[in-house]
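Enquirer: missing the sequence, but the structure's below:
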């Protein structure tokens, strides 16, 4: 079995990546785990020249990259991609008093066949300006010319539900294949579903029962390969592929976008930000409720117009399918980062190196293996993805939808509040806790008995057994040993609340976090539970808490020095400075200057400068510039030095 992505575009199509060449397509196919890739754009003369230079024959009708053209990657993958000649042609013509715009994909068995068909099409229209040429030719006539030049060709109507350029498009399509292809409709054996629909939606339309429903990425850059693709259970050869597409024998199913992620799933008007369901579009009479312009009818609406079955209908012998998203998107959705961010890219490369191709990671690898190499967070995201437990925001009017794996609250902080110690045996925790406490120096250590913890009744505060044990512990030091995403912040808040309820003064409680965001969240949660009492609790990061201590200690001396400096001559100021330096601890470094205000030093320096320069403004100006330069090159702020020493 291999994965096939038959509909893509090269760098010679409009709005495509400059990396759309064979070496990069081969590299990304290896990363994705794709065994067969369409070349795309076979009609373009320069692209065919590149194909001849970079490809060599492999199995019958298939090609592979030449060894000297292959790009090295982060690791060696098990898949060795093959290429098949393919291209997409846009047919724009008038039929039955209506302008029709239909895109069709053609597969061919050889470069020679691609050359012959391209020469024939060049007599009809311009095929040199775009890798996806636009021809004033009906879909039926294009099919006839293709089969005349190459009877072994496979002709597939592309993304059949897209509103503007497809077989069933709401604005320029048809209601049946027979209307489009006439007497040659029997030569169409496969249909491409497109990103905004899936097999569940297509099964509702009875006239599609006899077709092989394929899915392809329509990728405009190599990194987008495989976002939709096909599972083929035959040997590697063009005749076997043709037979699978035409008869369904050996066609193993598809890997799909969530249709809501497609950019034409729902109806809407993007300029006004209006997204509508089919029922809402009917309610508004097909007009935008904001500006009154015509609504773009989406794929779901168009399917419902032609559907005659319920949404849960499954025909006999239906091919299986899977909903997935690309691995970088899954990583980003799990970590709360951008799909193109540095962190996502680094994690992606590491996972490829440790776990294999995207297809292996998303479809085959055990969740435990993913957790071992990529962390609990990403493993949980992929588990939810496989089970279809995702959050969908549907696309409309050319705007892609969004698939989320975690709620905003789960992504708000690093922990994510997924669970708390549920997957770790309590006995294991009890055995681990003393070892952790041993490393804490002379701190008292308390080990909760595992059986006692498991026997405790869950309290009405929403805590499980492990959280209850930590929140209610009476030990001087309690170590909570848990990984990321286990609810430690929730437990800490509950422990502080219980301390206050037991009579501990809020002003005597200090909660320290690593990040400003975590500190803000902690304050919000405490305020919600303790109201005004929460204002007296010290909450902050390590640095902010230390800085507040420094301010409280040195502020009185600073104010006194400022008052004295206003009345004291420079000699007295220098004496005060020496006294302050001698009385402060030497380990504080530049922090000893905190007792002598900056404004006072500047006033003294300026006065001395005027004396030395004899009132000359030029010399005074140069002196000020020297003093300014020395200040910019000075040591870090005093608070930083002292905080560093304290920590």
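Expert: Happy to help now that I have it. Source: prediction; values computed, not measured.

Enquirer: going forward, measure contacts between C-alpha atoms and count neighbours the same way
Expert: Fine.

Enquirer: where do the strands sit along the stretch 401-550 of the chain?
Expert: With DSSP state E, counting those that start in this stretch as the definition, the stretch 401-550 of the chain shows strands at residue ranges 402-404, 510-513, 538-541.

Enquirer: In CSV: those, plus distance to residue 274 and mean neighbour count.
Expert: Converted to CSV, those look like this (distance: least, Cα to Cα, whole Å; neighbours: other Cα atoms under 10 Å):
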stretch, distance to residue 274, mean neighbour count
strand 402-404, 16, 19
strand 510-513, 42, 16
strand 538-541, 42, 20
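
Enquirer: can you tell which of those is closest to residue 347?
Expert: Taking Cα to Cα as the criterion, residue 347 comes closest to strand 402-404 out of those, the separation being 18.2 Å.

Enquirer: Mean confidence (pLDDT) on that closest one, please.
Expert: Averaging pLDDT along strand 402-404 gives 96.

Enquirer: could you dump the strands of the stretch 401-550 of the chain to a markdown table with distance to residue 313?
Expert: Rendered in a markdown table, the data for those read as follows (distance: least, Cα to Cα, whole Å):
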| stretch | distance to residue 313 |
| --- | --- |
| strand 402-404 | 25 |
| strand 510-513 | 53 |
| strand 538-541 | 56 |
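
Enquirer: among these, which is nearest residue 242?
Expert: With distances scored as Cα to Cα, the stretch of the strands of the stretch 401-550 of the chain nearest to residue 242 is strand 402-404 (33.8 Å).

Enquirer: Number of residues surrounding residue 341?
Expert: Taking other Cα atoms under 10 Å as the neighbour definition, residue 341 ends up with a count of 11.

Enquirer: and what of the one 5 residues further on?
Expert: If you count neighbours by other Cα under 10 Å, residue 346 ends up with 10.

Enquirer: sec struct for it, please.
Expert: Applying DSSP: H, G, I helix; E, B strand; the rest coil to residue 346 yields a three-state assignment of helix.

Enquirer: what residue ranges in the stretch 351-500 of the chain score low on pLDDT?
Expert: The stretch 351-500 of the chain contains residues with pLDDT under 70 at 413-462, 476, 483-485.

Enquirer: which stretches of it form helices?
Expert: With DSSP state H, counting those that start in this stretch as the criterion, the stretch 351-500 of the chain has helices at 358-359, 367-374, 376-387, 408-411, 426-438, 450-455, 465-471, 488-501.

Enquirer: Can you pull out the residues in contact with stretch 292-300?
Expert: With Cα atoms under 8 Å, 6 or more residues apart in numbering as the test, stretch 292-300 has contacts from 161-163, 170, 196-197, 201, 264-269, 278, 281, 286-288, 396-397.

Enquirer: now do 6 Å
Expert: Contact with stretch 292-300 is made by 161, 264, 265, 266, 267, 268, 269, 286, 287, 288, 397, as judged by Cα atoms under 6 Å, 6 or more residues apart in numbering.

Enquirer: Of all the strands of the stretch 401-550 of the chain, which one is nearest residue 54?
Expert: Closest approach to residue 54 among the strands of the stretch 401-550 of the chain (Cα to Cα): strand 402-404, 36.8 Å.

Enquirer: can I assume residue 79 sits in a helix?
Expert: No: counting by three-state DSSP, residue 79 is not part of a helix but coil.

Enquirer: Could you count how many residues lie near it?
Expert: Other residues within reach of residue 79 by the criterion other Cα under 10 Å amount to 17.

Enquirer: for residue 9, same thing?
Expert: Burial of residue 9, expressed as a neighbour count using other Cα under 10 Å, amounts to 30.

Enquirer: before we move on, what SS does residue 94 have?
Expert: strand.

Enquirer: measure it to residue 528 for me?
Expert: 66 Å (Cα to Cα, to the nearest Å).

Enquirer: so what's residue 402 closest to, chain neighbours aside?
Expert: With Cα to Cα, 6 or more residues apart in numbering as the criterion, residue 402 has its nearest non-adjacent residue at 5.0 Å, and that residue is residue 393.

Enquirer: Check residue 370 too.
Expert: Using Cα to Cα, 6+ apart, the nearest residue to residue 370 is residue 379, at 5.4 Å.

Enquirer: got the contact list for that neighbour?
Expert: Shown in contact with residue 379 (Cα under 6 Å, 6+ apart): 367, 370, 371.

Enquirer: Phi and psi next, for residue 249.
Expert: The phi/psi pair for residue 249 (degrees, to the nearest 10) reads phi -80, psi 120.

Enquirer: actually residue 2, sorry about that
Expert: Taking degrees, to the nearest 10, you get phi -140, psi 160 for the backbone angles of residue 2.

Enquirer: mind listing what it touches?
Expert: Under the criterion of Cα under 6 Å, 6+ apart, the neighbours of residue 2 are 35, 231, 232.

Enquirer: which one of these is nearest residue 306?
Expert: Nearest to residue 306 among these, counting by Cα to Cα, is residue 231 at 27.5 Å.

Enquirer: Can you list the strands that the host helix or strand of the closest one pairs with?
Expert: In this structure, residue 231 is located in strand 229-232 according to DSSP states H and E. For strand 229-232, sheet partners with direction are given as strand 2-5 (antiparallel), strand 251-256 (antiparallel), following DSSP bridges.

Enquirer: Let me know the average pLDDT across it.
Expert: Mean per-residue pLDDT for strand 229-232: 98.

Enquirer: All further residue positions should be reported with the first residue as 37.
Expert: Taking 37 as the first residue, the last one we looked at is strand 265-268.

Enquirer: Which positions within the next helix-or-strand element following it qualify as buried?
Expert: Per DSSP H and E, the first helix or strand lying C-terminal to strand 265-268 is helix 274-283. By neighbour count, and taking 16 or more other Cα atoms under 10 Å as the criterion, the buried residues in helix 274-283 are 274, 275, 276, 277, 278, 280, 281, 282.
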